[in-house]
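K.L.:
test case, fold it:
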Amino acid sequence: MAGRFIISEDGQGGYRFALVANNGQTLAVGEGFPNKLACVNGIETVRRNAPEASIDDRSGPEPD
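P.N.:
As a prediction, this is how the structure comes out:
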């Protein structure tokens, strides 16, 4: 099993998702969505795009 997405209410009438690893560690959290359908669509967008996503490191050089 490759982790799971958890949908929760955000306390402001909206929804958020979290991608959680098998060990329970939260790997990513989605933005707030106005309704559950929009949240599920956000999850599907991550599923579709993440396998091809590149890494854009803008953090600068590592300190010595």
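
K.L.:
when you work out contacts or count neighbours from here on, use the C-alpha atoms and nothing else.
P.N.:
Fine.

K.L.:
how many other residues sit next to S54?
P.N.:
By the criterion of other CA atoms under 10 Å, S54 has 8 neighbours.

K.L.:
doesn't S8 belong to a strand?
P.N.:
Yes - remark: S8 belongs to a strand, assigned using DSSP: H, G, I helix; E, B strand; the rest coil.

K.L.:
which strand residues bridge it?
P.N.:
R16 (DSSP bridges).

K.L.:
OK, contacts around it?
P.N.:
By CA atoms under 8 Å, 6 or more residues apart in numbering, the contact list for S8 reads Y15, R16, F17.

K.L.:
using a markdown table, lay out the residues you listed together with pLDDT.
P.N.:
Listed next are the contacts of S8 as a markdown table, based on pLDDT from 0 to 100:
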| residue | pLDDT |
| --- | --- |
| Y15 | 98 |
| R16 | 97 |
| F17 | 97 |
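
K.L.:
now list the buried members of those.
P.N.:
Burial of those was assessed by neighbour count (16 or more other CA atoms under 10 Å); the buried members are Y15, R16, F17.

K.L.:
give the contact list for V20.
P.N.:
Contacts of V20 by CA under 8 Å, 6+ apart are G3, R4, F5, I6, T26, L27, A28.

K.L.:
lowest-confidence entry in those residues?
P.N.:
Within the set of these, pLDDT is lowest for G3 (89).

K.L.:
tell me the phi and psi of the closest residue to that residue other than its chain neighbours?
P.N.:
Once flanking residues are discounted, G3 sits nearest to A21: 4.3 Å by CA to CA, 6 or more residues apart in numbering. For A21, the backbone dihedrals (degrees, to the nearest 10) come out as phi -70, psi 170.

K.L.:
sorry, back to before: highest neighbour count among the contacts of V20?
P.N.:
Highest neighbour count within the contacts of V20: F5, with 17 neighbours (other CA under 10 Å).
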